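Visitor: Structure of the sequence below:
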Amino acid sequence: MNEPGPILGGTLVFLGSGIGGLLRHALGSALQHAWGPRFPLGTLVVNVSGCLVMGLCIGAWLGTTPMREDFRLAILIGLLGGYTTFSSFGRDFFLLASEGAWSRAMIYALLSVALSLLAVSAGAVVARRLLGQSVA
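Guide: Residues are numbered from 1 along each chain as shown. Prediction:
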């Protein structure tokens, strides 16, 4: 597939990241408001759900399923890059640790990494199976 030029590709990434950022803020804030300040559930859910969608896209777009490169850029780099946030993860960990809540900080870090990696893998497997493609 032809790659989009730098102007089109950059514009699509820009637009996707803005939409992803809005989604991250809306969902993360709503979850955090409902859950309360003791644990950064909003950031955790946003990052894990973004990894799940990333896995679904990777699984669906590998192999024989064609995907235009401009859409791939807009979704994977733009939308999901704007939606998920490692910097917010770092901030949340730092705030928990600076409050002396080391056990919650460590649980948060372990859950964030483990669940995000599992979500990418699970999403890729689900997409490949739905498309009837080999999971190997």
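Visitor: where are the low-confidence patches of this protein?
Guide: The model of the chain has pLDDT under 70 over residues 1-3, 63-65, 136.
Visitor: And the helices in it, which stretches?
Guide: Ranges of helices in the chain, per DSSP state H, are 6-35, 41-61, 69-72, 80-83, 86-98, 102-130.
Visitor: Look up how far A97 lies from the nearest residue to L44 once chain neighbours are set aside.
Guide: Leaving out its chain neighbours, the residue that sits closest to L44 by Cβ to Cβ, 6 or more residues apart in numbering is S112, at 5.8 Å. C-beta coordinates here come from the backbone N, C-alpha and C atoms, glycine included. S112 sits 14 Å away from A97, going by Cβ to Cβ, to the nearest Å.
Visitor: Name the residue in these two with the higher neighbour count.
Guide: S112 (20 against 15; other Cβ atoms under 10 Å).
Visitor: Could you measure from the most centrally placed residue in the chain over to E99?
Guide: Central residue of the chain (Cα atoms, centre = their mean): G50, 2.4 Å from the mean position. Per Cβ to Cβ, G50 is found 26 Å from E99.
Visitor: now the farthest one out in this protein, which residue is it?
Guide: The chain, farthest from centre, Cα atoms, centre = their mean: G100 at 28.1 Å.
Visitor: Give me the contact list for stretch 111-124.
Guide: Stretch 111-124 is contacted from outside by 43-44, 47-49, 51-59, 62, 89, using Cβ atoms under 8 Å, 6 or more residues apart in numbering.
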